[in-house]
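Colleague: compute the structure for the input listed below.
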Amino acid sequence: MAETTRDIKRRIRGISNTRQITKAMELVSSAKLKRARERLEKSRPYYNTVLSNIQDILATTGNMKHPLLDSREVKTSLYIIVSADRGLAGGYNAGVIRLAEGKIKEENKDAKIITVGTKARDYFKKRDYDVIGEFVGIVEEPTFSDARKIGNMALDLYKDKVVDEIKIVYTKFLGTISQEPGILTLLPSGEVHKESEKRKTVTEFEPSTEEVLDFLIPKYIQSTIYGALIESSSSEQAARRVAMEAATDNAEEMIDELNISYNRARQAAITMEITEIVSGADALK
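Modeller: Alright, predicted model coming up:
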């Protein structure tokens, strides 16, 4: 019985150590989540301004044609898949990977993949998907330069007609306890035409409308990718915070149950010792 109490105490110490780790990770994720949400709030106005400018141009020029906006037959799709570099974030990585793979199989077309984060990279490489680009170490604190690199790689593939459409798969940040994987088509984008027909403005562009669009459309792609990276960063930290909070709560419940078991085992050991003493005393009479 003494061995049993030692085993229980050893388990309590082990779980207590784990609880300290999960609690620390929860606090770290909370701090990172706060910074990520601040970046998200600052990036949205930039994206909306760029999109609005493109819509204004299309409204004043009668929805002019542009190589980066024209639709064409889709034979090969490019997927930019945003995951995390680390685990311990609940179903965050599994959700976005499952959505991307399901869409690729559903469309049953040639697919090329740019992965962001080690989890997506390892998953799709292991299954022999055509991973033509990978970015790691940027997902927790992404910068606009990271989005520019990803966007330029995707645009070059689109301009060279290696791919016929560009999609980004990321996790939308809906709240601290709510994140939703989603897919957004970057090119050809219907978003830039959505409001253009409603706008009636007269604007002159220098040096030309085409050159202004040549500048704005890549900025639109880059800012959209940056927004998706920030959304994913916020979602990852929120998912990890919730997962670590749940792990901490489970550890505390296990410790409470083990403490009860320890007290019972200790009481049983004491009772057994008293019984042996009494029995020995009776035997001496």
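Colleague: now the helices for the protein?
Modeller: 2-60, 92-107, 118-126, 144-159, 209-284 (DSSP state H).
Colleague: out of the ones you listed, which comes closest to residue 77?
Modeller: Nearest to residue 77, of all these, is helix 92-107, at 6.7 Å by C-beta to C-beta. Where C-beta positions appear, they are placed from N, C-alpha and C, glycine not excepted.
Colleague: pLDDT of the closest one, averaged?
Modeller: Mean per-residue pLDDT for helix 92-107: 92.
Colleague: show me where pLDDT drops low in this protein?
Modeller: Across the chain, residues meeting the criterion (pLDDT under 70) sit at 1-3, 51, 54-66, 190-205, 281-285.
Colleague: quick one: the helices of the chain as JSON lines, columns for distance to residue 70 too.
Modeller: Formatted as JSON lines, the helices of the chain follow (distance: least, C-beta to C-beta, whole Å):
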{"stretch": "helix 2-60", "distance to residue 70": "12"}
{"stretch": "helix 92-107", "distance to residue 70": "20"}
{"stretch": "helix 118-126", "distance to residue 70": "29"}
{"stretch": "helix 144-159", "distance to residue 70": "11"}
{"stretch": "helix 209-284", "distance to residue 70": "12"}
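Colleague: closest one to residue 137 among those helices?
Modeller: Among the helices of the chain, the nearest to residue 137 by C-beta to C-beta is helix 118-126 (8.4 Å).
Colleague: please state the offset of stretch 128-135 from the chain centre?
Modeller: 18 Å (C-alpha atoms, centre = their mean, to the nearest Å).
Colleague: tell me the buried residues in that stretch?
Modeller: 129, 131, 133-135 (16 or more other C-beta atoms under 10 Å).
Colleague: want to try CSV for those residues, with distance to residue 110 as columns?
Modeller: Listed next are those as CSV, based on distance: C-beta to C-beta, whole Å:
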residue, distance to residue 110
129, 11
131, 13
133, 16
134, 19
135, 22
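Colleague: so what's residue 147 up against?
Modeller: Contacts of residue 147 were listed using C-beta atoms under 8 Å, 6 or more residues apart in numbering, and they are 222-223, 225-226, 229.
Colleague: now do 10 Å
Modeller: 43, 116, 135, 138, 221-230 (C-beta atoms under 10 Å, 6 or more residues apart in numbering).
Colleague: check residue 141 too.
Modeller: 32, 35-36, 39, 229-230, 233.
Colleague: swap in residue 167?
Modeller: 77-81, 100, 103-104, 107, 111, 154, 183-187 are the contacts of residue 167 under C-beta under 10 Å, 6+ apart.
Colleague: likewise for residue 49?
Modeller: 219, 223 are the contacts of residue 49 under C-beta under 10 Å, 6+ apart.
Colleague: what does residue 130 give?
Modeller: Residue 130 sits in contact with 76, 78-79, 110-113, 124, where contact means C-beta under 10 Å, 6+ apart.
Colleague: I'd like those laid out as TSV, including neighbour count and distance to residue 249.
Modeller: Output for the contacts of residue 130, formatted as TSV (neighbours: other C-beta atoms under 10 Å; distance: C-beta to C-beta, whole Å):
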residue	neighbour count	distance to residue 249
76	15	47
78	25	42
79	26	36
110	14	46
111	20	40
112	18	43
113	22	37
124	23	34
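Colleague: wait, which of these is closest to residue 69?
Modeller: Residue 69 has its nearest neighbour among the contacts of residue 130 in residue 78, at 16.4 Å by C-beta to C-beta.
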